[in-house]
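Student: I would like to see how this sequence folds:
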Amino acid sequence: MTAVTVHLPNAPARSGRSRLPRRLAGITALASLLVVLSGCLQLNAQMSVRKDDTVSGRILVAGDQPAQATALDRIITPPGLEQKVRITPYSADGFTGREIYFTQLTFAEVDALTLAIDIEGARPYTLGFRRSGDTVSFSGSVDLSLLPPDRSETATTRVDLTFPNRISETNGTIGAGNSVSWTPAPGSITRMQASSSYPDPAARGFAVWMIVGIGAALLVAIGTILAARTSRARADLLVR
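Tutor: Down below sits the predicted model:
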């Protein structure tokens, strides 16, 4: 069994009451996370980014202890994402937990999903996407620092990510088909980052509408010219 000692800094007497609930909440979250990480753990994610800047994929969180199963049973679909997120029970090879399937989430919705799905108030992982011009960047982390390093055979953790174009920069392992992966190790915090460049769908949509607008303006101009010529021709006939 691994013992964890939490040291709290001394605080002035007048602010002790206001800080106490926050400290207790932090201790409770840490204790809950320790319970969840006390046995074998599976934390896997597969994500695919589309050219329209949406993300689809699957997240698996499972453990082999009753306390873990109880904690994971409380994971629910975030409000407002019921049509895009589906959470189902998972049970295989002695592990029980939750599988979270999501379809065409915007980058902001990925943030909402990450924040909404926690384990007893603690989040051992973060996931996020951002666009800057034609470059889309992924950043995240998996915190397994509370797991003993010798749990590598019992803690199965992997994150797979696929972009619609080649990966320009990453600290992960590049695979085939514009994909990259990370295998976080117990006893550490794994930082993940990757980026890929492809056209901004919003800019592409604006360009399409601009072309449509220019085309419509040209049609109107041509129609006006033809109408004017027709009117002149009729006027000439009447004069004659």
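
Student: What segments of this structure are strands?
Tutor: 41-49, 54-63, 85-92, 95-106, 125-132, 135-143, 155-162, 167-170, 173-174, 179-182, 189-197 (DSSP state E).

Student: how about JSON lines for those, with mean pLDDT added?
Tutor: As requested, those are exported to JSON lines (pLDDT from 0 to 100):
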{"stretch": "strand 41-49", "mean pLDDT": "92"}
{"stretch": "strand 54-63", "mean pLDDT": "94"}
{"stretch": "strand 85-92", "mean pLDDT": "94"}
{"stretch": "strand 95-106", "mean pLDDT": "95"}
{"stretch": "strand 125-132", "mean pLDDT": "93"}
{"stretch": "strand 135-143", "mean pLDDT": "95"}
{"stretch": "strand 155-162", "mean pLDDT": "90"}
{"stretch": "strand 167-170", "mean pLDDT": "97"}
{"stretch": "strand 173-174", "mean pLDDT": "98"}
{"stretch": "strand 179-182", "mean pLDDT": "98"}
{"stretch": "strand 189-197", "mean pLDDT": "97"}
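
Student: Ala203 is nearest to which of those strands?
Tutor: strand 125-132 (10.3 Å; CB to CB). Just so you know, the C-beta spots here come from the backbone N, C-alpha and C atoms, and that holds for glycine as well.

Student: name the helices or strands packed onto the closest one?
Tutor: Packing partners of strand 125-132 (3 or more CB pairs under 8 Å, 6 or more residues apart in numbering; DSSP states H and E): strand 41-49, helix 107-116, strand 135-143.

Student: Let's see that with 6 Å instead.
Tutor: helix 107-116, strand 135-143 (3 or more CB pairs under 6 Å, 6 or more residues apart in numbering; DSSP states H and E).

Student: Of those, which stretch is the most buried?
Tutor: With neighbours defined as mean count of other CB atoms under 10 Å, those peak in mean count at strand 135-143, which reaches a mean of 19.

Student: which one of the strands of the chain lies closest to Thr114?
Tutor: strand 125-132 (4.9 Å).

Student: Tabulate the strands of the chain (TSV), appending distance to Pro78.
Tutor: Output for those, formatted as TSV (distance: least, CB to CB, whole Å):
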stretch	distance to Pro78
strand 41-49	16
strand 54-63	13
strand 85-92	7
strand 95-106	10
strand 125-132	13
strand 135-143	18
strand 155-162	20
strand 167-170	28
strand 173-174	30
strand 179-182	24
strand 189-197	22
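
Student: Among these, which comes closest to Thr77?
Tutor: strand 85-92 (4.9 Å).

Student: Give me the sheet partners of that closest one and which way each runs.
Tutor: Strand 85-92 pairs in its sheet with strand 95-106 (antiparallel), by DSSP bridges.
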